[in-house]
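Participant: give me a model of this one.
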Amino acid sequence: MKSDLPKVLQPLAGKPLLGYVIDTAAKLTPKSLHVVFGHGGEQVCTALSVALAAAAPQHSWVLQAEQLGTGHAVQQALPALDDDELALVLYGDVPLISATTLCKLVALASTDAMSLLTVMLEDPTGYGRIIRDTAGRVLGIVEQKDASSEQLRIREGNTGVMAVPVVHLRRWLARLRNANAQGEYYLTDIIAMAVDDGVKVSPLVAPTIAEVLGVNDKLQLAELEAEIRKSRARELMLAGVTLVDPARIDVRGTLTTGRDVFIDVNAVFEGQVSLGHRVRIGPNCVLRGCQIADDVQIKANCVIEEASVGAHSIIGPFARLRPGTKLAEDVHIGNFVEVKNSSMDSGAKANHLAYVGDATVGARVNIGAGTIIANYDGVNKHHTTIGADAHTGSNSVLVAPLTVGEGATIGAGSTVSKDVPAGKLTVARPKQITFEGWRRPQKKR
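Facilitator: Purely as a prediction, here's the structure:
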């Protein structure tokens, strides 16, 4: 991957590759789940320890100190398995395999039969080939580097995913040898052993190629990203969402939507995002971990993160709602306005070039253009309370901590550092002075 980040931690639609595999395995309610990792994989354990613990009551991280092949990797997990169990082998860099497919695969296995997931490919280069007899029974698998020219023409490839009775798996793994071009212990060699021992090998052809695609470089990662993008766009449209261009939406988390939602191009959704009925999202918006109520308009180029927006509100264009923002219904946040850790009651407006930080803003308050709430003294954040129906004039500075009374008006250009009484006009700016005879400095010749 040419990256300092381990391959299985590379992000795919906002989640690590291995995170997908663990989450899918959890849907099968396994008795135990074991992740085999290579030397230096402590970073992987740290990143996904919580996810693994949530996936199965019994779980462990198993170190494969030397990378001696897939068979050797599975051997490392054998001590944690009981002979009366069925082992399902998955791969941390094959993230899109579905729980439905795995359930079918597991159902084909039993105490006297193992199952194997295969895939039909136009170009099977790099895949081990499935060897069958004239009756279609699986006889074994030959790896690409060990295959003959005739075997290389086979289009059915091995995915490596299999379900195997542990009692047989333990015996077969003990018989593995590394007499091959790679000098590795191939897990795939157990297929021929099963045939020799009279254990049935039940193949299952994957329903789609995308399910079994692995990741070995950033190009393949991008290809899987496109598959996820296409799949999630399709799900949204089938749920009734209008997408201006299905190829230009990124859902990097969970997006729930109401009826008649409209999403323009280049929208990015991260984390848990919910959109109410009739929400309209303009182009180039980023929504992260937020809740948007019914009939909200989010205009172009807005960023909303860990915030909630009330019904009938209008946001943007070019607005930013930072974490802790809570907007009631019919709030207007206009262009180049930033709101952080603040609540704004119904009907409040900040339409132009303003910053509202650590504030409680009452109903129908009008934040004038260029108004700044100075909430930070260099060490601590301070709170500002603005009562209902108050107005701040353009280019005002409200120095927190501060309380502005209901119905108060602050004159344009004021720097206010003391509480403002309700219902009155407060102006805090120096007297205008004009200097007679003053001339602008001239450059010396």
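Participant: for the closest residue to Thr111 other than its chain neighbours, give me its contacts.
Facilitator: Using Cβ to Cβ, 6 or more residues apart in numbering and skipping residues adjacent in sequence, the residue nearest Thr111 is Pro165, 5.5 Å away. All C-beta atoms are positioned from the backbone trio N, CA, C, and that covers glycine. Taking Cβ atoms under 8 Å, 6 or more residues apart in numbering as the criterion, Pro165 is in contact with Glu85, Leu86, Ala87, Ala109, Ser110, Thr111, Asp112, Ala113, Met114.
Participant: gap between Cys290 and Ser274?
Facilitator: According to Cβ to Cβ, to the nearest Å, Cys290 and Ser274 sit 8 Å apart.
Participant: look at these two and report which has more neighbours.
Facilitator: A count of neighbours by other Cβ atoms under 10 Å puts Cys290 above the other of Cys290 and Ser274, at 23 against 17.
Participant: hang on, isn't the more buried one packed against Gly276?
Facilitator: No - using Cβ atoms under 8 Å, Cys290 is not in contact with Gly276, being 11.6 Å away.
Participant: if we go by neighbour counts, what in the lengthiest helix in the chain is buried?
Facilitator: Criterion DSSP state H: the longest helix present in the chain is helix 218-238. Using 16 or more other Cβ atoms under 10 Å as the test for burial, helix 218-238 gives Leu221, Leu224, Glu225, Glu227, Ile228, Arg229, Arg232, Ala233, Leu236.
Participant: so in this protein, where's the weakest helix or strand by average pLDDT?
Facilitator: Within the chain, no helix or strand scores below strand 138-142, which has a mean of 91 by mean pLDDT, DSSP states H and E.
Participant: so what's Ala428 closest to, chain neighbours aside?
Facilitator: Ser414 (4.2 Å).
Participant: so who does that neighbour touch?
Facilitator: Ser414 neighbours (Cβ under 8 Å, 6+ apart): Gly393, Ser396, Val397, Thr426, Val427, Ala428, Arg429.
Participant: could you redo the last one with a cut-off of 10 Å?
Facilitator: Applying Cβ atoms under 10 Å, 6 or more residues apart in numbering, one finds that Ser414 lies in contact with 371, 392-398, 420, 425-429.
Participant: just the CA atoms of stretch 166-184, as CSV, please.
Facilitator: C-alpha atoms of stretch 166-184 as CSV (Å, rounded to 0.1, in the frame of the first residue of the first chain):
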residue,chain,number,x,y,z
VAL,A,166,-12.3,-28.1,13.1
VAL,A,167,-11.7,-31.7,13.7
HIS,A,168,-10.7,-32.2,10.1
LEU,A,169,-9.0,-28.8,9.8
ARG,A,170,-6.6,-29.6,12.6
ARG,A,171,-5.5,-32.9,11.0
TRP,A,172,-5.1,-31.4,7.5
LEU,A,173,-3.1,-28.3,8.7
ALA,A,174,-0.7,-30.7,10.4
ARG,A,175,0.0,-32.3,7.0
LEU,A,176,0.7,-29.1,5.1
ARG,A,177,4.0,-28.8,3.3
ASN,A,178,5.7,-25.8,1.7
ALA,A,179,7.0,-27.5,-1.5
ASN,A,180,5.7,-24.8,-3.9
ALA,A,181,7.0,-21.8,-5.8
GLN,A,182,6.3,-19.5,-2.8
GLY,A,183,7.8,-21.7,-0.1
GLU,A,184,4.6,-21.2,1.9
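Participant: centre of the chain versus that stretch, how much separation?
Facilitator: 37 Å (Cα atoms, centre = their mean, to the nearest Å).
Participant: which positions within that stretch qualify as buried?
Facilitator: By 16+ other Cβ under 10 Å, the buried positions in stretch 166-184 come out as His168, Leu169, Arg170, Trp172, Leu173, Leu176, Glu184.
Participant: from these, which is closest to Asp260?
Facilitator: Leu169 (52.9 Å; Cβ to Cβ).
Participant: helix, strand or coil for the closest residue to the closest one other than its chain neighbours?
Facilitator: Using Cβ to Cβ, 6+ apart and skipping the chain neighbours, the partner closest in space to Leu169 is Ala87 (5.6 Å). Judged by DSSP: H, G, I helix; E, B strand; the rest coil, the three-state class of Ala87 is strand.
Participant: enumerate every residue touching Ala87.
Facilitator: Taking Cβ under 10 Å, 6+ apart as the test, what Ala87 contacts is 30, 32, 34, 74, 77-78, 81, 109, 114, 162-166, 168-170.
Participant: equivalent analysis for Asn375, please.
Facilitator: Contacts of Asn375 (Cβ under 10 Å, 6+ apart): 340-342, 355-359, 381-384, 398-402.
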